[in-house]
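Enquirer: Next comes the sequence, and after it the predicted model I'd like to discuss.
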Amino acid sequence: MSILKFDPDLIRRHNVNGPRYTSYPTADQFRDGEWTEAYRQSIATTDISSLSVYVHIPFCSTICYYCACNKISTGNLKRADSYVQRLLREMQLHSNLIDVPHRVEQLHFGGGTPTFLNDEQFERIFAGLHKYFELEEGGSQDFSIEIDPRKLPASRIGNLAKLGINRVSIGVQDFDPMVQIAVNRIQSVDETRSIVDAARDNGIRSINIDLINGLPKQTVDGFTRTLEQVIDLQPDRLSLYSYAHLPQRFKTQRQINTDDLPNAELKLKLLGMAVNMLADAGYEYVGMDHFAKSSDSLIQAQKDGSLHRNFQGYTTHGHCELIGLGVSSIGNIGQVYVQNSKALPEYYQSIDAGKLAIARGFTSDDRDVIVSQVIQDLMCKFEVLTRDFEIRTGFGFRDYFSDQWPRLIRFENDGLLELGAARIKVTDKGRFLVRNICMVFDDYLSRDTQKFSKAI
Ligand code: SF4
């Protein structure tokens, strides 16, 4: 059983801004420039027999004020038609670079609102995916989509399942009507339940629900009720994100009245309450904001050491190389990261010119690879086997991280870490602060940390 001890004093003391480490280095280190050739070369020299494909759909019909995603507000479905056309062309451009047998084991539609697209548009996308890639069909594949239950007829879940979707992630955030008004996202329990029921009826094997702690107007009573309602829906996985109010960076957050935000103490109370309620309801802690039932594959992977973390969060497909499709999407092949243009006109311009829409990138050096593995181990296993590190890299762990060692000792003194002869281990009460420990190893972090969220 994955143990998490919620220690409010410790969290209060270490509540600083930091990355969520879906990659190392983090995406803010990517650099503008010409990266297509580096990407092409990495595809040619990397084992790409197992692939993960991410498809970004940027459109939303209404805007939730808390949102920090790359999205475009529109009610015009025709805009999605032009977009799907470009996605198909982009698939072809990627497939031109891939001339070896491969299997797409993981496919994820994120956004924006993927369900902004209609069934016909999804059929065209899947036809393209089948034409340009080899999609795994043996049953081990994870093909997932983020669902916005508002105004989505439950019947559409059946069509998505027929196309191959077998996992869904449902945005809820909070069912409290006062909170929903304050964030401009009105979504009833009933419409959410109808999607959950339709997913189960259509054989979707995993349902995730997203919640956010720290939204305006949240109260202990209101959030307790939300948690009860969500637990009653029995999702297999639950994400509990901490809202980061960064109105300087995200324009839509300026719609939120700062006076309505819960203060740090209330936010901490809401978090502790949520953690305890989820534990009582049988959810185990995966790590970094994520909980799952003990029967879920993420918990199984955590137990057998095969859990990974990538741009889609925690995954059992960490061995896959990643191809990103669509505006702003990120790909990662070998040591090369690339990100598409974030602006739709630029993305269209590149694709229409027959070029990949890569605008930024990063090539990890040997130290980045070593640090990345340490951060993966901390995030997914809550420990680093330092003897294994020494065999793998040829460096003594303590020597290699001599600058970091004094800070690790401080964490040990605070009870977050145990520094043993053969391993460093995150304690049960340190688990909620695992990213703070990862930050010690991050060579790029000395600069502006205000762009990241806090643990609470
Ligand atoms: S939270 Fe989702 S639906 Fe709301 S604005 Fe952001 S991407 Fe769109």
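Expert: Looks like it arrived, so ask away.

Enquirer: what about residue 8, distance to residue 410?
Expert: 20 Å (CB to CB, to the nearest Å). Any C-beta I mention is one placed from the backbone N, CA and C, and that applies to glycine too.

Enquirer: sorry, that was for residue 228
Expert: Taking CB to CB as the measure, residue 228 falls 39 Å from residue 410.

Enquirer: and what of residue 253?
Expert: From residue 253 across to residue 410, the span is 33 Å (CB to CB).

Enquirer: Residue 426 too?
Expert: Distance of residue 426 to residue 410, computed by CB to CB: 14 Å.

Enquirer: More neighbours: which of those two?
Expert: residue 426 (24 against 12; other CB atoms under 10 Å).

Enquirer: pretty sure the more buried one is touching residue 379, no?
Expert: No - contact between residue 426 and residue 379 fails when scored by CB atoms under 8 Å: they sit 9.7 Å apart.

Enquirer: so what sits against both of those two?
Expert: Contact with both residue 426 and residue 379 is made by residues residue 434, according to CB atoms under 8 Å, 6 or more residues apart in numbering.

Enquirer: Run a quick neighbour tally on the residue of the stretch 201-350 of the chain found nearest the ligand.
Expert: In the stretch 201-350 of the chain, the residue that lies nearest the ligand is residue 252 (7.1 Å; CB to the nearest ligand atom). Residue 252: 18 surrounding residues under other CB under 10 Å.

Enquirer: hang on, it is in a helix, isn't it?
Expert: Yes - with DSSP: H, G, I helix; E, B strand; the rest coil as the criterion, residue 252 is part of a helix.

Enquirer: residues in contact with residue 252?
Expert: Contact analysis of residue 252 by CB under 8 Å, 6+ apart lists 63, 64, 65, 66, 67.

Enquirer: Pretty sure the fourth one sits against residue 179.
Expert: Just to be clear, that refers to residue 66. No - judged on CB under 8 Å, residue 66 makes no contact with residue 179 at a distance of 9.8 Å.

Enquirer: okay but residue 233 is in contact with residue 192, surely?
Expert: Yes - counting by CB under 8 Å, residue 233 touches residue 192, with 6.9 Å between them.

Enquirer: Neighbour count for these two, which is higher?
Expert: Between residue 233 and residue 192, counted using other CB under 10 Å, the more crowded position is residue 192 (21 against 17).

Enquirer: And the more buried one, its phi and psi?
Expert: phi -70, psi -40 (degrees, to the nearest 10).

Enquirer: For residue 66 and residue 179, indicate the residue with more neighbours.
Expert: Looking at residue 66 and residue 179 with other CB under 10 Å, you find the greater number of neighbours at residue 66, namely 25 against 22.

Enquirer: mind listing what that one touches?
Expert: Applying CB under 8 Å, 6+ apart, one finds that residue 66 lies in contact with 173, 183, 212, 215, 243, 252, 253, 256.
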